[in-house]
Structure formats: C-alpha cells, structure tokens
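# fold the following and give me the result.
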Amino acid sequence: MAAVDINTGNLRELARVISEHLRANGFSAEGAANRQVLALAEECGEFVGSYRRWSGQARRSGTAEEMRAELADVVITAFVSAQELGIDLDQAITEKAKVVFTRGWREQAPVE
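Presented below is the predicted three-dimensional model:
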C-alpha cells in the first residue's frame, strides 16, 4: 500500500489512502458509501458535543483541542465519504463557494 504524506494538505489523496486502508483491514467496498455517510453524521455529532463542552453548554467541560480534533474528523470523514461516493469534493466546494458569494449577506434593518 502506498505511503501518504499526511502533511501535504491534499485531502482528496488522504481520503483515497484511508479508503485503501479500510479495504485492507476488512471493510468491503460494498456498502462503503453508506458506512461513510453514517460515519460523517456521527463525527458531526461528536463535533457538536465537543463544542457544547468547550462553550460551557454541557454537563462537563471540554477543551479547544478536543473541539479542533473533532472538527478535523468531520472534514476528513467528509472527504472519505466523497471518495466513496465518487464526488470530487474540491470541485464541489469551488462550485458551491461561487454560489455562496452570489447570495448576498445579511439584510440590514432599515434605519428610521
């Protein structure tokens, strides 16, 4: 299995390698997209929980580092999900960003 430089910032390549590692460790290609989409939902929930703990909105406290790590899990898992679904997430993000900037921003209340 090819080695990957995890410091390159190439998330699509990282996702490809993670998918390879999953296959090599007994996770079949069949059902991989479903598995990753569910994992993405789980990671989003873990990020929300870590945010709640960090911001003092939960029963116990949490650290900024825990929150940062959970957000990284969300991004990585999103790229692995895209890999399994055959989506070029870099391209999708670029296209979506163009749409975001055509929407305008928060409407200002009229000054009376």
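
# which residues are in contact with the residue nearest in space to the middle of the chain?
Note on the chain: the residue nearest the mean C-alpha position is Val75, at 2.2 Å, using C-alpha atoms, centre = their mean. Going by C-beta atoms under 8 Å, 6 or more residues apart in numbering, Val75 touches Leu11. In short, each C-beta sits where N, CA and C put it, glycine included.

# remind me which helix or strand it belongs to.
helix 64-85 (DSSP states H and E).

# for that helix, C-alpha coordinates in CSV please.
Extracted in CSV, the C-alpha atoms of helix 64-85 (Å, rounded to 0.1, in the frame of the first residue of the first chain):
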residue,chain,number,x,y,z
ALA,A,64,-10.5,23.7,22.5
GLU,A,65,-8.1,21.0,21.4
GLU,A,66,-10.9,18.3,21.6
MET,A,67,-13.2,20.5,19.6
ARG,A,68,-10.5,21.1,17.0
ALA,A,69,-9.8,17.4,16.7
GLU,A,70,-13.5,16.6,16.2
LEU,A,71,-13.8,19.3,13.5
ALA,A,72,-10.8,17.8,11.7
ASP,A,73,-12.6,14.4,11.9
VAL,A,74,-15.6,15.9,10.2
VAL,A,75,-13.6,17.3,7.3
ILE,A,76,-11.6,14.1,6.9
THR,A,77,-14.7,11.9,7.0
ALA,A,78,-16.4,14.3,4.5
PHE,A,79,-13.6,13.7,2.1
VAL,A,80,-13.6,9.9,2.6
SER,A,81,-17.4,10.0,2.1
ALA,A,82,-16.9,11.9,-1.2
GLN,A,83,-14.2,9.4,-2.2
GLU,A,84,-16.7,6.5,-1.7
LEU,A,85,-19.5,8.4,-3.5
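
# list the buried residues for that helix?
66-67, 70-71, 73-74, 76-84 (16 or more other C-beta atoms under 10 Å).

# list the buried residues for the helix or strand following that helix?
Under the assignment DSSP H and E, the closest C-terminal helix or strand after helix 64-85 is helix 89-100. Across helix 89-100, burial judged by 16+ other C-beta under 10 Å covers Leu89.
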